[in-house]
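Novice: sequence unknown, structure follows:
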């Protein structure tokens, strides 16, 4: 399957989405959050059976998070012609919630737990949004751009220790 054919098929089924196709076999799809599960299901049915990653980008000035899904296929193409699908959507920072991708991809659980813990995004339908890495509770999730690392260290340790200059 070519990137153009995939773009054509997705474009005929889903409205209000935008595409960008790069020269290195990547197709970028930007969709509304309500369309994500349907698009993920469609893409998976087309043979893109590997959810390689779910990531989050904090666009603090736009008061949004961007949730990014990266998919590929192990079986459709050889490595040089393999297509990578990058599906993106934006959600509000004030109410960061989106449907879980678990009904489509079982391996979404780990990524969603990580994003929940580090950015504070809730994935509706994922009942295991329990900590993976962090041992403490935070007022603001620590990967958000408005998390103040210096203030956190000062509050936790009482002061910020100076960095020693080893060249002296």
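Specialist: Everything's here; your move. Source: prediction; values computed, not measured.

Novice: what about the nearest residue to residue 35 once chain neighbours are set aside, neighbour count?
Specialist: Closest residue to residue 35 in three dimensions, ignoring its sequence neighbours and counting by Cβ to Cβ, 6 or more residues apart in numbering: residue 14, at 5.8 Å. No exception for glycine: its C-beta is placed from N, CA and C like everyone else's. Residues near residue 14, counting by other Cβ atoms under 10 Å, number 15.

Novice: Next: residue 142.
Specialist: Counted with other Cβ under 10 Å, the burial measure for residue 142 works out to 15 neighbours.

Novice: State the pLDDT value of it.
Specialist: At residue 142, the pLDDT value in this model is 91.

Novice: how far away is it from residue 109?
Specialist: Counting by Cβ to Cβ, to the nearest Å, the gap between residue 142 and residue 109 amounts to 21 Å.

Novice: do the same with residue 145
Specialist: To residue 109, residue 145 is 26 Å away according to Cβ to Cβ.

Novice: Compare the two (neighbour count), which wins?
Specialist: Taking residue 145 and residue 109 together and counting by other Cβ under 10 Å, residue 109 has the greater number of neighbours (18 against 12).

Novice: Check the most centrally placed residue in the chain and give its pLDDT.
Specialist: Per Cα atoms, centre = their mean, the C-alpha nearest to the average position across the chain is that of residue 55, at 2.5 Å. In the predicted model, residue 55 carries a pLDDT score of 98.

Novice: Give me the distance between it and residue 115.
Specialist: For residue 55, the distance to residue 115 - Cβ to Cβ - is 7 Å.

Novice: Show me whatever sits in contact with both of those two.
Specialist: residue 67 (Cβ atoms under 8 Å, 6 or more residues apart in numbering).

Novice: Quick check: phi and psi at the residue nearest to residue 35.
Specialist: Phi and psi for residue 14, reported as degrees, to the nearest 10, are phi -120, psi 130.
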